[in-house]
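[1] the following block contains a protein sequence and its predicted model.
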Amino acid sequence: MILKDIPKNNRYLFLDMNSFFARVEQQVQPDYRGKPICVSPYTGDSGCVISASYEAKALGIPGVCRVKQAKSIYPKIIILPARPHLYRFYHDQIVQRIYNFTPFIQVLSIDEFSICLSGQDGHYQEARKIAFGLKSAIQKEVGDWLTCSIGIGPNQFLAKIAGELKKPDGLFEITLENLEEIYNKMKLTDLTGINYRMEKRLNYANIYTPMDFYQKSLPELSRHLGIMGKVWYYRLRGFEIEQLAQETKTIGHSHVLPPELRSQKGAEKVIIKLIEKIGYRLRQGGYWATYLSLGIGYLGHLHWHKVKKISPCNNNRQLIKFALDFFAQSPTQKPFSIYLTTGGLIKNHIQSISLFDNFRKSDYLSRAMDKINDKYGATTIQSAALAGTSSVAPDRIPFGRPRFEIRNM
Ligand SMILES: [Mg+2]
């Protein structure tokens, strides 16, 4: 594990757009400003709200929930269908404005950006000036309704946490000096990357608060968490190690099935479509997957899940074969949602000459399809098995979330 420099204050800015999709909708449809609105890819009751305006959040509607739940909290809630192209247009505008300040930007998702200030003098005043400059450039040049929260910290992880402490339209700094004070005020699950399950795992190691976590020694953390113990040890102290953590990333997609596809045949079509998207992203990033995980949700909160090691691959045909083999083992209930994830990604995998020449042909075929789709649009060419599914799993936001999870690899 290579650590970059010793930690210094004011080295990272983390910019997070507030309720991004909802505010973009209010930006282009001013009648909705000041009103509780939610954005969902599928506006029926079973759809998932992916963004709620601040007015909706003030009524108690969570940023992510089912449309049905949002309606039960506030029956007059306005549900708008998601428009990924519109959000991507605004995303590009924002990226452009950030580039006007610095080229040291990492795009982490459609509405989250990490900016490295190394190379500048790193003074708080300088970091604040850039933060205010970014906020005003976005509001003046991109959209007057678009606000963001900005965190400043010694590494990306702490800058992100700082950004979350003041929302909306906030600016907050975590320094090597106020670090302990901040950890003392937080719960474990407030730390980005610590979910409920991870919290349980830390509890086993007698870690109940961020302060406990921070005070554990390196050997103790390594004993309980393996390589990720080391990552957390340094991350909590302000070292920048996210590059390393990203090496364990995953690429996946999920989809809630529209009523007409809630059958075994329908689910298979959606699986193929999701694999085509995942395969494309794998090949774009030069990745090969070594794990595949398939989750199926059923009405009434039941869930089936299978994860398995696979031989390194990134062509659609092989991935589809693996995924459909998994699916054949799932219960024959009416499927409601599908979650597909590839993990254990490796780069620059050198393939041994395959005995199964068909799979090499599949590699060429996948790459040829990518080229055609790159040139003429996302679904110009696709598997024949997908005929009649053009409205299924429509174009989604093609960015992952920043990853801070500990994974069992
Ligand atoms: Mg956001």
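    Structure's in. What do you need? Note that the coordinates shown come from a computational prediction; the quantities given were computed from them, not determined experimentally. Residues are numbered from 1 along each chain as shown.
[2] what bits of this protein have low per-residue confidence?
    Residue ranges of the chain with pLDDT under 70: 1-4, 118-122, 242-249, 301, 348-361, 375-409.
[3] and with 80 instead?
    1-5, 103-104, 118-125, 242-250, 300-303, 344, 346-409 (pLDDT under 80).
[4] which bits of it sit near the ion?
    16-17, 111 (CB under 5 Å from the ion). Yep, even glycine has a C-beta here, placed from its N, CA and C like the rest.
[5] apply 6 Å and report the result again.
    Proximity of the chain to the ion (CB under 6 Å from the ion) is limited to residues 16-17, 20, 111.
[6] for the stretch 201-350 of the chain, what spans make up the strands?
    In the stretch 201-350 of the chain, the strands defined using DSSP state E, counting those that start in this stretch lie at 251-256, 287-298, 302-313, 335-343, 346-347.
[7] roughly how far apart are the one residue in the stretch 51-200 of the chain that gets nearest to the ion and Leu236?
    In the stretch 51-200 of the chain, the residue that lies nearest the ion is Asp111 (4.3 Å; CB to the ion). As judged by CB to CB, to the nearest Å, Asp111 and Leu236 stand 25 Å apart.
[8] who has more neighbours out of these two?
    Set Asp111 next to Leu236 and count neighbours by other CB atoms under 10 Å: Asp111 wins out with 24 against 20.
[9] contacting residues around Arg66?
    45-49 (CB atoms under 8 Å, 6 or more residues apart in numbering).
[10] compare those and tell me which has the most neighbours.
    Neighbour max across the contacts of Arg66 (other CB under 10 Å) = Val49, 28 neighbours.
[11] distance of that one relative to Gly163?
    Applying CB to CB to Val49 and Gly163 gives a distance of 22 Å.
[12] then Tyr87?
    19 Å.
[13] okay, those two: which has more neighbours?
    Neighbours per residue (other CB under 10 Å) separate Tyr87 from Gly163, with Gly163 holding more: 26 against 20.
[14] what sits closest to the more buried one if chain neighbours are left out?
    The shortest distance from Gly163 to any non-neighbouring residue, by CB to CB, 6 or more residues apart in numbering, is to Gly151 (3.0 Å).
[15] for that neighbour, helix, strand, or coil?
    Secondary structure state of Gly151, per DSSP: H, G, I helix; E, B strand; the rest coil, is strand.
[16] verify the stated contact: Ile130 with Tyr124.
    No: using CB atoms under 8 Å, Ile130 is not in contact with Tyr124; the gap is 10.9 Å.
[17] pick out whichever of these two has more residues nearby.
    A count of neighbours by other CB under 10 Å puts Ile130 above the other of Ile130 and Tyr124, at 20 against 12.
[18] which residues touch the residue lying closest to that one once chain neighbours are set aside?
    What sits nearest to Ile130 in space, not counting adjacent residues and going by CB to CB, 6+ apart, is Phe101, at 5.8 Å. Applying CB under 8 Å, 6+ apart to Phe101 gives the contacts 115, 130, 133-134, 137.
[19] rebuild those residues as JSON lines, extending it with secondary structure.
    As requested, the contacts of Phe101 are exported to JSON lines (three-state DSSP):
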{"residue": "Ile115", "secondary structure": "strand"}
{"residue": "Ile130", "secondary structure": "helix"}
{"residue": "Gly133", "secondary structure": "helix"}
{"residue": "Leu134", "secondary structure": "helix"}
{"residue": "Ala137", "secondary structure": "helix"}
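[20] pick the one among those closest to Pro210.
    Ile115 (24.5 Å; CB to CB).
[21] number of residues surrounding that closest one?
    Ile115 has 24 nearby residues by other CB under 10 Å.
[22] Phe21: which element?
    Element membership of Phe21, judged by DSSP states H and E, is helix 20-28.
[23] which residues sit against that helix?
    17, 32-33, 35, 37-39, 50-53, 56, 80, 82-83, 86-87, 90, 110-111, 143-147.
[24] just the buried ones among those residues, please.
    17, 32, 37-39, 50-53, 56, 80, 82-83, 87, 90, 110-111, 143, 145-147 (16 or more other CB atoms under 10 Å).
[25] among the residues you listed, which are in strands?
    17, 37-39, 51-52, 80 (DSSP state E).
[26] quick check, nearest of these to Gly300?
    Cys38 (23.3 Å).
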